[in-house]
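> sequence first, then the predicted structure, then my questions.
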Amino acid sequence: MSEKLILFQGDSITDAGRTSSSDPFYALGCGYPLLTAARLLYEKSHTQYHFLNKGISGNRIVDLYARWKEDTLNQKPDVISILIGVNDVWHEYQDHSGVDASKFENMYDLLLKETKAALPQVQLVLCEPFILPIGEVLNHTERWMTDMALRRVIVKKMADKFDAAFVPLQESFIQESEKLGAGYLLSDGVHPTPAGHELISRQWIKYTDIL
């Protein structure tokens, strides 16, 4: 039986409560990493999957880079999934500690270069950051839309450059919100509800070749 370690990285959307609980049962959190792991374990029983969730609430690309060696490279995963970008925008509006688009791109590029150098056979999965115009996004809505669009372009560019699977999410959230309502998917315009996490998980599986 083959073995494969899948590691999820990112901010609170990936964290999904896992760092706020001391119970090992919640090591994957209660969001899309758990949903994705559950489906893979159920449908691909011939592969011995192991999963790690290393997402940390509040992280920007610079925070992710600062802990990358310890929390990612040293784990020697076969698959690394990254969802990052919303805090690089949000923190600028909150306390002027955001990361501008050019630095976001440079840091993401450096992070992936170092990853491929350390783990040349690793499979990368880059998830598109997303928002919907409710809750927090109603503050500075036009800036949110512009700044997040820039990050989405950068993530797609990184996926193309580093031969990574790209998981598109923004358009799916828009389409589903037109049927279900934005608040049904993202509680504050940023953080997914259970239905929003299911959407991410389905897109993740659809756009990777894991299944």
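Now that the structure is in, tell me what you want to look at.
> C-alpha from now on. contacts and neighbour counts both.
Will do.
> against which helices or strands is the biggest strand by length in the chain packed?
Secondary structure of the chain per DSSP state E: the longest strand is strand 2-10. In this structure, strand 2-10 makes packing contacts with strand 47-53, strand 79-83, judged by 3 or more Cα pairs under 8 Å, 6 or more residues apart in numbering; DSSP states H and E.
> what comes up buried for that strand?
Residues of strand 2-10 classed as buried under the neighbour-count rule (16 or more other Cα atoms under 10 Å) are I6, L7, F8, Q9, G10.
> from the centroid of the chain, which residue is nearest?
With the centre of the chain defined as its mean C-alpha position, the nearest residue by Cα atoms, centre = their mean is L83, 1.8 Å away.
> quick one: contacts for the closest residue to D71 other than its chain neighbours?
The shortest distance from D71 to any residue that is not its chain neighbour, by Cα to Cα, 6 or more residues apart in numbering, is 6.6 Å, and that residue is K54. The neighbourhood of K54, defined by Cα atoms under 8 Å, 6 or more residues apart in numbering, consists of L7, F8, Q9, G10, T14, D15, D71, T72.
> try P33
P33 is in contact with F8, T14, N53, S201, counting by Cα under 8 Å, 6+ apart.
> mind putting those residues in JSON lines, distance to P120 included?
Below are these laid out as JSON lines (distance: Cα to Cα, whole Å):
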{"residue": "F8", "distance to P120": "18"}
{"residue": "T14", "distance to P120": "24"}
{"residue": "N53", "distance to P120": "21"}
{"residue": "S201", "distance to P120": "26"}
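> top of these by number of neighbours, please.
Neighbour counts for the contacts of P33 were taken using other Cα atoms under 10 Å; the highest belongs to T14, with 29 neighbours.
> my guess is that one contacts G55, does it?
Yes: contact between T14 and G55 holds when scored by Cα atoms under 8 Å: they sit 5.1 Å apart.
> which neighbours do the two share?
Counting by Cα under 8 Å, 6+ apart, the residues touching both T14 and G55 are F8.
> mind checking the longest helix of this protein?
Counting residues, the longest helix found in the chain (DSSP state H) is helix 141-161.
> show me which residues of it are buried.
Neighbour-count burial for helix 141-161, with 16+ other Cα under 10 Å as criterion, is recorded at 144, 147-152, 154-159.
> in a helix, E114, correct?
Yes: secondary structure of E114, determined by DSSP: H, G, I helix; E, B strand; the rest coil: located in a helix.
> pull the number of nearby residues for it.
As a burial measure, E114 scores 14 neighbours (other Cα under 10 Å).
> repeat that for Y207.
The tally of other residues near Y207 (other Cα under 10 Å) stands at 15.
> would you list the phi and psi of it?
Y207 adopts backbone torsions of phi -100, psi 10, taken as degrees, to the nearest 10.
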